[in-house]
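Undergrad: Here is my input, please return the structure:
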Amino acid sequence: MITVQSEQSGVLSATERAMIHNVVDFTSVKVRDVMVPLEKTVSFNPEDDRNRVLEVSEKSGIDRFPVFGSNSEPLGFINVYDILFDAGPPRPLRHYMRRIITASESEAAYRVVRRLRAARISLAAVVNARQRSVGIVALEDLVRQLVQG
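TA: Sure, this is the predicted structure:
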C-alpha cells in the first residue's frame, strides 16, 4: 500500500516499487526454485584433464563447473580462469578446485545468498533431505531472482 502511494506521488518509480515487492517475496523463495538440477549441469571429477574443462567451457560459454566425487558428493568447483592463468604444467583438476558450500533444496534462497557472500563463494551444491546432491545454484542466479522476481 505504501509503495503504491509512493509510486503514485512520484517518490518511487514502478521499477523501484517492483524491486521492493520482490525483496519481500524473495523470503518465500526456496533454493529448489532457483537451482539447476544435477542432470542439467556439466560437472567433472577431480582427476579429469584440465584441457577437457577448457574445451567444454569454450563450447558452452560456462566458466565455473562443480566437481563431484565418485558418489556424487560435492568436492568443490573449478573456475576456468584459474586454469587459463596457470602457466605451469598440466595438472588434474583437484589442483584448481575451490571450496564449495552445500545448501538444502528447502533452504530459503535469501539465506544462501548471505552464506555465499559471507564465504566469498559464487556457487553452492544443493542437497536433498537425505544429503544427496540434486543440483547447483549460483550466487548470480539467486540475485537475479531477487531483482527480477
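
Undergrad: Which residue lies closest in space to Met35, excluding its sequence neighbours?
TA: With CB to CB, 6 or more residues apart in numbering as the criterion, Met35 has its nearest non-adjacent residue at 3.9 Å, and that residue is Gly135. In short, each C-beta sits where N, CA and C put it, glycine included.

Undergrad: Now for Arg120, how many residues are close by?
TA: Residues within reach of Arg120, counting by other CB atoms under 10 Å, total 9.

Undergrad: cool, and Ser70?
TA: The burial count for Ser70: 7, using other CB under 10 Å.

Undergrad: Below-threshold pLDDT in this structure: ranges please.
TA: Low-confidence segments of the chain (pLDDT under 70): 1-26, 149.

Undergrad: Show me where it has its helices.
TA: Under the criterion DSSP state H, helices of the chain are mapped to 2-8, 14-26, 50-60, 80-84, 109-119, 139-148.

Undergrad: List the buried residues for the shortest one?
TA: Spelled out, that is helix 80-84. By 16 or more other CB atoms under 10 Å, the buried positions in helix 80-84 come out as 80, 82-83.

Undergrad: Can you tell me which helices and strands that helix packs against?
TA: On a contact count with 3 or more CB pairs under 8 Å, 6 or more residues apart in numbering; DSSP states H and E, helix 80-84 meets helix 50-60.

Undergrad: Count the neighbours of the nearest residue in space to Glu140 that is not next to it in sequence for me.
TA: Once flanking residues are discounted, Glu140 sits nearest to Ser122: 7.2 Å by CB to CB, 6+ apart. Other residues lying near Ser122 total 16 when counted by other CB under 10 Å.
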